[in-house]
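Asker: Let's see this in three dimensions:
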Amino acid sequence: MAAFLCKGLYLDPSALPSALIDKPFPNFSLQSVQDNRSLTRADLLGKPALVNVWGTWCVACRAEHPVLNKLAQQGVVIHGVNYKDVNFDALNWLKDFHDPYQLNIRDEAGSLGLNLGVYGAPETFLVDSKGIIRYKHVGVIDETVWREQLADLYQGLVQEGTQ
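Answerer: Residues are numbered from 1 along each chain as shown. This is a model prediction of the structure:
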């Protein structure tokens, strides 16, 4: 028992397993944060993207947000899932801190988050152009995480889509 517990001390919390790797992004029908239009899984198809689960109540999301803005300016496709939040607060956040999201899904009840197996925010899924989840990152995406873990995976999916 002690060996089992000791092993847990050395596990990477950002490497939480996901049963959804290599499976389709879950079906959903929810409103957009920005304009209340209905969004579905089909809206995520066509280009590889980061799908970032965030909330205005999430302190770590505030630290991550400038990096997401920078990535969006560099052409990285980012979609948001505003998780268990008040839409008015989300709109103010995006106005104050800028909006890196091409689509931003309003998940007030947390149903999409539940289907994604979200533990909290921020969590980010790398999704290919066909809507298949290829990678899950738990925690803040900073410059180092982008450079060392996500950039090559994302670029690989972009190149795969142009062949």
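Asker: Could I get the full set of helices for this structure?
Answerer: 2-8, 59-73, 87-97, 111-116, 143-145, 151-162 (DSSP state H).
Asker: quick one: contacts for the residue positioned nearest the centre of the chain?
Answerer: In the chain, the residue lying closest to the centroid (CA atoms, centre = their mean) is Asn52, at 1.9 Å. If you count contacts by CB atoms under 8 Å, 6 or more residues apart in numbering, Asn52 has them with Glu64, Leu68, Ile78, His79, Gly80, Val81, Tyr101, Pro122, Glu123, Thr124, Ile141. Heads up, the C-betas are built off the backbone N, CA and C, glycines and all.
Asker: before we move on, what about Leu150?
Answerer: When contacts are counted by CB under 8 Å, 6+ apart, Leu150 touches Leu50, Thr124, Leu126, Tyr135, His137, Ile141.
Asker: just curious, which of these is nearest to Val59?
Answerer: Ile141 (14.8 Å; CB to CB).
Asker: and that closest one, how many neighbours does it have?
Answerer: By other CB atoms under 10 Å, the residues close to Ile141 number 23.
Asker: I figured it hits Val67, correct?
Answerer: Yes: using CB atoms under 8 Å, Ile141 makes contact with Val67 at a distance of 5.7 Å.
Asker: what about this protein, any weak spots by pLDDT?
Answerer: Scanning the chain for pLDDT under 70 picks out 1-18, 162-163.
Asker: Could you rerun that using 80?
Answerer: 1-18, 161-163 (pLDDT under 80).
Asker: hang on, the earlier thing: of all the helices of the chain, which lies closest to Leu44?
Answerer: helix 111-116 (11.3 Å).
Asker: Please name the nearest non-neighbouring residue to Ser29.
Answerer: Nearest residue to Ser29, sequence neighbours excluded (CB to CB, 6 or more residues apart in numbering): Thr40, at 5.1 Å.
Asker: Does that neighbour touch Gln31 like I think?
Answerer: No: Thr40 is beyond contact range of Gln31, at 10.9 Å (criterion: CB under 8 Å).
Asker: Number of residues surrounding Gln102?
Answerer: So Gln102, with other CB under 10 Å, has 15 neighbours.
Asker: ugh, typo on my part, it should be Ala42
Answerer: Per other CB under 10 Å, the neighbour tally for Ala42 reads 10.
Asker: From Leu103, how far out is it?
Answerer: 11 Å (CB to CB, to the nearest Å).
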